[in-house]
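quick one, fold the following:
(2 chains)
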Amino acid sequence: METNLVPVTVLTGFLGAGKTTLLNRILTEDHGRRYAVVINEFGELGVDNDLVVDADEEVFEMNNGCICCTVRGDLIRIVGGLMKRAKKFDGIIIETTGMANPAPVAQTFFVDEGVRAKARLDAIITVVDAKNVQARLADSTEAAAQIAFADVIVLNKLDLVSPAEVEAVTARIRAINKFAKIFPATRSDVPVTDILDIGAFDLSRILDFDPDFLEVDDHGHSEGVNSVSLQVSRPIDAHKFQQWIGTLLQEKGQDLLRTKGILAYPNEDRRFAFQAVHMIADGDFVGAWPAGATRNSRLVFIGRDLNRPQLRRGFEACQVPA
Amino acid sequence: MSDTAVRQSLLESRGISYELGAFVVGAAFDRAGTQAAFGLGDGSIRIADLKAPRGLQNYVAHDGAVLSLAADARPHGFVSGGDDGRFVRVGPDGAIQALGAFGAKWVEHVASFADGKGGVLACASGKNLHMFDAAGSKLKACEHPSTVTGIAFDGKGKRVAASHYNGATLWFVASKTDGGKQLNWKGSHIGVAVHPAAEAVVTAMQENALHGWRLPDAHDMRMSGYPAKTESLGFTRSGRFLASSGADAIVLWPFFGGGPMGKPPVELAQIENVLCTRVACHPMEEVVAAGYADGSVVMADIATQRVLRVSAPEHGPITALAWSGDGAWLAVGTESGFAALVDFAKR
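Below you'll find the predicted structure:
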């Protein structure tokens, strides 16, 4: 991992879910780290911090032929501006407005060379109000998108719900995104070190974040956003995979919110890690396969209207002949 | 360039250098030509007296980082904007006067204009462009649909252009009722230059290209082919060429004989695989100074295409580059806090 890049954490969640409480904890708790915070609802934060930046969420569409490639221009400027500061900080936290789609923030860190040279996307944290999230999922599309994009979910306000409700909400979240780490919380009381600088977007750590990779997908949640995980045992033909995934992202990219994978190439001892946010993809060789490990290739999709049989056939066809 | 040339760089033979310890965001000379200033990431403005430039005075202008620096519209002193949301005037003696305070909105761009009769100051904060007279009294605020990403005056100080999402807006400085002329082109525009005779407005774009509008008919011009974003652009004094960063050479687009439409740019002072990060057109001659990501600084004569090395590739990416009004001094600053003044006066 490039340690000289400033880690950036994106904090999403609906109004009232507990984002500001979490931010206040991050800024006031004694963890020995200094964060620059980019916020939208200025004034809510009751903390005196000279590294709080007031931003307008300014999204624009890149003129690069990629229809869903939207980017936050304000963040490009702010990251550039913060880098001029002599007083150093350990990371940047970007709070989005309640109804924000996380995609433009994430895509900013893939698309802009200047930002990439200075900063890296660390993780997307979504604060979920356990009491109200079912209603938000029913009356908005943004709630599902925020959960789908999350690497970390802070399942908050657990003091307001029964154990049965917690179970139902957790199942609902898992149906959308089974790979995020879920932290149960009351008043956003999660250990700050567990959610900041965790490298969730780091290609070499993609595997760490999907504990139930091998489980079969849930059925009965076919509406809206869900996850599909695939596994194949024969090595992947790199060229075939690039062609297939490239076409898939081009055609279905608007519905594919996040894609992650670890691939075994023939006669290659290193694992190839792959990830994409909508149509924008990134991939590289990461560490070697552990000695004696089964070299299964795995791929995860989180998105809308995922056709599991079609995706599976496509991925299976990327294998080298038996 | 040979090692000999590196050892005998102009910076060493005719320059004074400084280690300032913070990101050099901008450099400027006052209009009287008596002082040079560097604006830094630690919020300070360092001022050198050109008669005795060895020592720099250190004045704290902002609580945070300086984001932009320009000469004052008056003969002496400077104006700066910072991430503390303030627009300040820094007197030649270091006296700090706040001209505007915009809270949590950074003041990312400042500019000034002066002629014999008077002057005007401008700063951008958030979506607004604020204008002040030379005395520092507010003239007006102009609002835009999104954050202002660059401001530039024309050669006569009559109009000022602001870049933003989906184009640029051209404002008459003196008009109280003017709604601004909209120059539209979809996308994120991140910087702006105005032709000295107001024949064109050109913006830099997020997609590694420039966009221009010929005036007054707003005919669109596309200038593309850059490997990186153009962070620095400006017209030569005559307006014949637009100099720009964003490639591994100085890219100069011809604005005469029907250009830049259908004409290739002139590329000077190529340093292979090293990005040009700053350009500064000489105030008197058709000469451009350029700084690169490896710390190199060159000056190039456009007519003869002769290139002179000013400084060797060291000290980190060039982030500030400015000529004095008489063209006798060049100020240089880098990301790592190195700064220099190079004396080009005839001896």
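
chain A contacts on chain B?
Residues of chain B lying close to chain A (CB under 8 Å from any CB of the partner chain) are B:21-23, B:25, B:40-43, B:63-67, B:83-84, B:103-106, B:108, B:126-127, B:146-147, B:149, B:165-166, B:186-188, B:190, B:205-207, B:228-229. No exception for glycine: its C-beta is placed from N, CA and C like everyone else's.

so which of those residues belong to strands?
Taking DSSP state E as the definition of strands, the residues of chain B next to chain A contribute B:25, B:40, B:66, B:67, B:108, B:165, B:166, B:186, B:187, B:188, B:190, B:205.

what about burial for the residues of chain B next to chain A, which qualify?
Buried members of the residues of chain B next to chain A, counted by 16 or more other CB atoms under 10 Å in any protein chain shown: B:22-23, B:25, B:40-43, B:64-67, B:83-84, B:104-106, B:108, B:126-127, B:146-147, B:149, B:165-166, B:187-188, B:190, B:205-206, B:228-229.

residue A:177 is in contact with residue A:147, isn't it?
Yes: using CB atoms under 8 Å, residue A:177 makes contact with residue A:147 at a distance of 5.4 Å.

hey, what's in contact with both of those two?
Common neighbours of residue A:177 and residue A:147 are listed as A:153, A:225 (criterion: CB atoms under 8 Å, 6 or more residues apart in numbering or on different chains).

which of the two has more neighbours?
residue A:147 (27 against 24; other CB atoms under 10 Å in any protein chain shown).

could you find the closest non-adjacent residue to the more buried one?
The shortest distance from residue A:147 to any non-neighbouring residue, by CB to CB, 6 or more residues apart in numbering or on different chains, is to residue A:176 (4.8 Å).

parallel or antiparallel, list what pairs with the strand ranked longest in chain A.
In chain A, taking DSSP E as the definition, the longest strand is strand A:119-129. Partners of strand A:119-129 in the sheet, by DSSP bridges, are strand A:6-12 (parallel), strand A:152-156 (parallel).

got a markdown table for the ones you listed, with mean neighbour count and mean pLDDT too?
Converted to a markdown table, those look like this (neighbours: other CB atoms under 10 Å in any protein chain shown; pLDDT from 0 to 100):
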| stretch | mean neighbour count | mean pLDDT |
| --- | --- | --- |
| strand A:6-12 | 25 | 95 |
| strand A:152-156 | 26 | 96 |
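
let's have those in a markdown table, adding distance to residue B:293.
Compiled in a markdown table, the strands paired with strand A:119-129 are given as follows (distance: least, CB to CB, whole Å):
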| stretch | distance to residue B:293 |
| --- | --- |
| strand A:6-12 | 19 |
| strand A:152-156 | 35 |
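
so what pLDDT did residue 91 get?
All of this refers to chain A. Listed pLDDT for residue A:91 reads 94.

my question was about chain B
For residue B:91, the pLDDT comes out at 97.

pretty sure it contacts residue B:75?
No: Residue B:91 is beyond contact range of residue B:75, at 11.5 Å (criterion: CB under 8 Å).

flag the shaky bits of the stretch 151-300 of chain A, pLDDT-wise.
Within the stretch 151-300 of chain A, the ranges that satisfy pLDDT under 70 run A:205-223.

got the contact list for the residue in it positioned nearest to chain B?
Per CB to the nearest CB, residue A:280 is where the stretch 151-300 of chain A lies closest to chain B, at 14.4 Å. Going by CB under 8 Å, 6+ apart, residue A:280 touches A:66, A:69, A:107, A:110, A:111.

mind listing what the last one touches?
In this case it means residue A:111. Residues in contact with residue A:111 (CB under 8 Å, 6+ apart) are A:62, A:69, A:71, A:280.

so how far is chain B from the first one?
Read that as residue A:62. Distance, residue A:62 to chain B, using CB to the nearest CB, to the nearest Å: 7 Å.

for that residue, give me the pLDDT.
For residue A:62, pLDDT reads 84.

who wins for most neighbours among the contacts of residue A:111?
Greatest neighbour count in the contacts of residue A:111, by other CB under 10 Å, goes to residue A:71: 27 neighbours.

that one pairs with what?
Beta-bridge partners for residue A:71, by DSSP bridges, are residue A:60.

go ahead and confirm it touches residue A:60.
Yes: with contact defined as CB under 8 Å, residue A:71 counts as touching residue A:60 (6.2 Å).

between those two, what contacts are shared?
Counting by CB under 8 Å, 6+ apart, the residues touching both residue A:71 and residue A:60 are B:188, B:206.

contacts only, for the residue nearest to residue A:305 when sequence neighbours are not counted.
Spatial nearest neighbour of residue A:305, excluding adjacent residues (CB to CB, 6+ apart): residue A:255 at 5.6 Å. Contacts of residue A:255 were listed using CB under 8 Å, 6+ apart, and they are A:303, A:304, A:305, A:306.

chain B contacts on chain A?
So chain A meets chain B at A:42, A:50, A:52-54, A:56, A:58, A:60-64, A:71, A:73-74, A:76-77, A:81-87, A:112-114 (CB under 8 Å from any CB).

separate out the buried members of the residues you listed.
So, by 16+ other CB under 10 Å, the buried ones in the residues of chain A next to chain B are A:52-54, A:58, A:60-62, A:71, A:73-74, A:76-77, A:81-86, A:112, A:114.

so of those, which ones are in helices?
With helices taken from DSSP state H, the overlap with those comprises A:73, A:74, A:76, A:77, A:81, A:82, A:114.

now do the second one, the pLDDT please.
The predicted local confidence for residue A:74 comes out at a pLDDT of 94.

give the contact list for it.
Residues near residue A:74 by CB under 8 Å, 6+ apart: A:55, A:56, A:57, A:58, B:147.

from residue A:112, how far off is the first one?
Taking CB to CB, to the nearest Å as the measure, residue A:55 falls 15 Å from residue A:112.

surely residue A:186 touches residue A:155?
No: taking contacts as CB under 8 Å, residue A:186 lies outside contact range of residue A:155: 9.8 Å.

excluding chain neighbours, what is closest to the residue in the stretch 51-200 of chain B positioned nearest to chain A?
Here the residue of the stretch 51-200 of chain B nearest chain A is residue B:104; by CB to the nearest CB that distance is 3.4 Å. Distances taken as CB to CB, 6+ apart put residue A:54 closest to residue B:104, at 3.4 Å, once the chain neighbours are dropped.

beta partners of the one you found?
For residue A:54, the beta-bridge partners are residue A:39 (DSSP bridges).

from residue B:206, how far off is it?
Distance of residue A:54 to residue B:206, computed by CB to CB: 22 Å.

one step back: ok, the residue nearest to residue B:104 touching residue B:105?
Yes: counting by CB under 8 Å, residue B:105 is a contact partner of residue A:54 at 6.1 Å.
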